[in-house]
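>>> sharing a model that was predicted from the sequence below.
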Amino acid sequence: MSVREAVGYGLLGLGVAAEVVAVLGLVAMRDVYDRLHYVGPATLGALLVAAALWVYQGPSQIAVEGSLVALIVLVVSPAMAHGTARAARISEREDWRPQPDEGIEVEEP
Amino acid sequence: MREWHIAAAILVGALIPCGWICLRRSFAEGIVALQLAGTIAALALLTLAEAERREPFGMLAVVLIALSFPGTLVFLRFLERMK
């Protein structure tokens, strides 16, 4: 096994491990907002798998496709997490803003 | 069996808990699981394409990830209207 292959497999292993951590966190947490935090490691996993493809294959079609997947996840995933939290809050309280009964102090601009 | 096959198998296995959350937990928690499942499924397709040395099949992963987020947005609209 060459050094290039070893580094590629290492990055692949780290990427898969990040996805497994994300799934374990998703299962272990209690509510929707806690679970949402564990979508983050999945983004890191996508970046690591794309890096593994670049190291293992060099410039190739599959490496470009991997980079595209990682780029889409990197750009869209934070916005989706925000949208999910907002929608969950609207579903619970009919408004995403802090409500008086929650005891949250908000500074007026 | 190559290392890429093993990685693909682990990623496919990681989809099972996401399915369990979708089936057994609330609608909002199911959407979170769906988001994660979309990313994991795309990576599983990517690693499978590399394992089978069929590079054009990696485009399936790109299409899946590009479509899974708008699909989740539709579910978010339904969630907002749920009381």
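That came through fine.
>>> tell me how many other residues crowd the closest residue to residue A:1 other than its chain neighbours.
Spatial nearest neighbour of residue A:1, excluding adjacent residues (C-beta to C-beta, 6 or more residues apart in numbering or on different chains): residue A:9 at 8.0 Å. Every residue, glycine included, has its C-beta placed from N, CA and C. Around residue A:9 there are 19 other residues, counting by other C-beta atoms under 10 Å in any protein chain shown.
>>> now name the helix or strand holding the residue nearest the centre of chain B.
Residue closest to the mean C-alpha point of chain B, counted by C-alpha atoms, centre = their mean, is residue B:38 at 2.4 Å. Using DSSP states H and E, the element containing residue B:38 is helix B:27-51.
>>> then residue A:45?
Counting by DSSP H and E, residue A:45 is found in helix A:40-57.
>>> report the buried residues of that helix.
Buried residues in helix A:40-57, counted by 16 or more other C-beta atoms under 10 Å in any protein chain shown: A:40-57.
>>> quick revisit: pretty sure the residue nearest to the centre of chain B sits against residue B:68.
Yes. Using C-beta atoms under 8 Å, residue B:38 makes contact with residue B:68 at a distance of 3.2 Å.
>>> number of residues surrounding residue A:103?
Counted with other C-beta under 10 Å, residue A:103 comes out at 7.
>>> what angle do the helix holding residue A:45 and helix B:27-51 make?
10 degrees (axes from the mean of the first three to the mean of the last three C-alpha atoms, to 10 degrees).
>>> need the pLDDT of residue B:44.
Note on residue B:44: pLDDT of 96.
>>> how about residue A:29, phi and psi?
Per-residue torsions, residue A:29: phi -70, psi 170 (degrees, to the nearest 10).
>>> from residue A:85, how far out is it?
According to C-beta to C-beta, to the nearest Å, residue A:29 stands 14 Å off from residue A:85.
>>> is the closest residue to chain B within chain A within a helix or a strand, and which one?
Minimum separation of chain A from chain B (C-beta to the nearest C-beta) falls at residue A:65, amounting to 3.6 Å. Per DSSP H and E, residue A:65 falls inside helix A:61-93.
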